[in-house]
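# Sequence first, then the predicted structure:
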Amino acid sequence: MRPFKYSRANDASQAVQLAVANKNAKFLAGGTNLLDLMKEDVERPTELVDVTRLKFTEIKASDGGISLGALAKNTDTANHPLVRQNYPLLTQAILAGASGQIRNMATNGGNLSQRTRCPYFYDVAMPCNKREPGTGCGAFEGLNRMHAIFGWSEKCVAVYPSDMAVALAALDAVVKVSGANGKERSIAFADFHRLPGDTPEKDNNLQPGDLITSIELPKNNFAAKSYYLKVRDRASYAFALVSVAAALETDGNTIKQARVAMGGVAHKPWRATEAEKVLAGKAATEAVFIQAAEAEMRNAKPLEHNRFKVELGKRAIVRALMMANGGAAASQGGASNG
Ligand SMILES: Cc1cc2nc3c(=O)[nH]c(=O)nc-3n(C[C@H](O)[C@H](O)[C@H](O)COP(=O)(O)OP(=O)(O)OC[C@H]3O[C@@H](n4cnc5c(N)ncnc54)[C@H](O)[C@@H]3O)c2cc1C
Ligand code: SF4
């Protein structure tokens, strides 16, 4: 590992000031992603700004919804009674990710800012526009089985790996940020992560020095009917080939509102708006769920080695909606947890 300076921030403004003063500084939260990447020589910060002493650990009711501190641990978030009761989709998604030990260390802000698991990104001997802009994309014509089928560019076909973020996308979360000059701002979840375009080195729309302070979830009526389905290569911890967060609000058997988001398919959590449009106002039946899945997956653009994700995505959307609507495993909290 390369030498780096260690600084500890006592409050948010000090953390932001330290990060603004050194453009090669990084915030250190749980360290479960950042330290791995430093050991692999992929991330090379010259300074780590330790934010673990900051007070953003609270999970509390807020404006009819809930506020999740950026430094609350993933385990504490998943198991908080308010989250379990009102946002079970989020509990399922968090518990489907990583392992118990990692979730005990990982924070909510770190989870949102984790980097892609593209193997070319991790291998410093390979070209990768995300790691080193201008070197090319090893995956575009290489081994791209795990890669994107939506929203990619020839510069980068990576997928974003977080499970938690897929549920947050479906639940219309808002990310609160403390920025340079002490300015606070809110970023709608759909605008937080970004597609690669010509600048795949940028994973999200945070500005230099921006510190995530909390994630806000608005009140909703999805708690009774939601489900997170994660399809992966093995039952032990592994990143999603495809995942689906599905949530329904129904009146009798009519769908008043639907939320569908996908993981493992794009450079950001993919909100399945075409599927949602088909579902709104229709009867909650398997035939309608199939129509919705087909509408979404019609626009997929698979790469050479991941064509299977189109059919897999379709089936995963249907299955997640069936489970959300009361499938047997839903009552057992039966997401594919690891
Ligand atoms: C073996 C393994 C398996 C895993 N499996 C999964 C999985 O299946 N699904 C899944 O979703 N995740 C998985 N993960 C990833 C894990 O969820 C992330 O590593 C973790 O959530 C990152 O949180 P952290 O607090 O440790 O972040 P850190 O490693 O401390 O930081 C990650 C990044 O976030 C930035 N950051 C941290 N906090 C803030 C903040 N408040 N504001 C702005 N930037 C910030 C850091 O500067 C850094 O760039 C796995 C990880 C490992 C090691
Ligand atoms: S897909 Fe993105 S992360 Fe992977 S090699 Fe290409 S540029 Fe790098």
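Everything's here; your move. Ligands and ions are numbered 1, 2, ... in the order given.
# Show me the helices in the protein, by range?
Taking DSSP state H as the test, the helices found in the chain are 12-21, 34-39, 74-79, 81-86, 88-95, 100-105, 108-112, 119-122, 164-170, 189-192, 273-279, 286-297, 308-324.
# Point out the most buried one among the ones you listed.
helix 164-170 (a mean of 29; mean count of other CB atoms under 10 Å). Quick note: C-beta positions are derived from backbone N, CA and C, even for glycine.
# Pull up the residues of the chain that are close to ligand 2.
116, 118, 120-121, 128-130, 137-139, 156-158, 200 (CB under 6 Å from any ligand atom).
# Same list (these) but as CSV, adding pLDDT.
Below are these laid out as CSV (pLDDT from 0 to 100):
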residue, pLDDT
Thr116, 98
Cys118, 98
Tyr120, 98
Phe121, 98
Cys128, 98
Asn129, 98
Lys130, 98
Cys137, 98
Gly138, 98
Ala139, 98
Cys156, 98
Val157, 99
Ala158, 98
Pro200, 98
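# May I see those residues organised as TSV, with distance to Asp50 added?
Output for the residues of the chain next to ligand 2, formatted as TSV (distance: CB to CB, whole Å):
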residue	distance to Asp50
Thr116	24
Cys118	28
Tyr120	30
Phe121	25
Cys128	28
Asn129	30
Lys130	25
Cys137	33
Gly138	33
Ala139	33
Cys156	30
Val157	34
Ala158	28
Pro200	28
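# JSON lines please, covering the helices of the chain and showing distance to ligand 1.
Listed next are the helices of the chain as JSON lines, based on distance: least, CB to the nearest ligand atom, whole Å:
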{"stretch": "helix 12-21", "distance to ligand 1": "8"}
{"stretch": "helix 34-39", "distance to ligand 1": "4"}
{"stretch": "helix 74-79", "distance to ligand 1": "6"}
{"stretch": "helix 81-86", "distance to ligand 1": "16"}
{"stretch": "helix 88-95", "distance to ligand 1": "8"}
{"stretch": "helix 100-105", "distance to ligand 1": "5"}
{"stretch": "helix 108-112", "distance to ligand 1": "2"}
{"stretch": "helix 119-122", "distance to ligand 1": "12"}
{"stretch": "helix 164-170", "distance to ligand 1": "6"}
{"stretch": "helix 189-192", "distance to ligand 1": "11"}
{"stretch": "helix 273-279", "distance to ligand 1": "22"}
{"stretch": "helix 286-297", "distance to ligand 1": "22"}
{"stretch": "helix 308-324", "distance to ligand 1": "16"}
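# ok, how many other residues are close to Arg234?
7 (other CB atoms under 10 Å).
# What count of nearby residues applies to Ala25?
Ala25 has 21 neighbours, counted by other CB under 10 Å.
# Also the one 5 residues further on?
Neighbourhood size, Gly30 [other CB under 10 Å]: 22.
# Then the one 10 residues further on?
For Glu40, the number of neighbouring residues by other CB under 10 Å comes to 13.
# which one is it nearest to, not counting chain neighbours?
Spatial nearest neighbour of Glu40, chain neighbours left out: Tyr122 (5.7 Å); criterion: CB to CB, 6 or more residues apart in numbering.
# likewise Asp76?
Spatially, and ignoring its direct neighbours in sequence, Asp76 is nearest to Ile59 (6.8 Å; CB to CB, 6+ apart).
# got it, and Ile102?
Thr32 (5.3 Å).
# Ramachandran coordinates for that neighbour?
When read as degrees, to the nearest 10, the backbone of Thr32 gives phi -70, psi -20.
# What separation do you get for it and Asp251?
In this view, Thr32 and Asp251 are 42 Å apart by CB to CB, to the nearest Å.
# same question, Leu82
Taken as CB to CB, the span from Leu82 to Asp251 is 25 Å.
# Next, count neighbours for the closest residue to Leu68 other than its chain neighbours.
Leaving aside its sequence neighbours, Leu68 sits nearest to Ile215 (CB to CB, 6+ apart; 4.5 Å). Neighbourhood size, Ile215 [other CB under 10 Å]: 28.
# so Ile215 touches Asn108, yeah?
Yes. Applying CB atoms under 8 Å as the test, Ile215 and Asn108 come out as touching, 5.8 Å apart.
# which neighbours do the two share?
Shared contacts of Ile215 and Asn108, defined by CB atoms under 8 Å, 6 or more residues apart in numbering, comprise Leu68, Ala70.
# Show me the one of the helices of the chain that comes nearest Ile66.
Minimum separation from Ile66 across those (CB to CB) falls at helix 81-86, 5.4 Å.
# quick one: the residue nearest to Glu40 and Pro81, what's the gap?
38 Å.
# where do the strands sit along the stretch 201-338 of the chain?
Ranges of strands in the stretch 201-338 of the chain, per DSSP state E, counting those that start in this stretch, are 211-217, 226-231, 242-251, 254-263, 270-271.
# which one of those strands has the most crowded surroundings?
strand 226-231 (a mean of 27).
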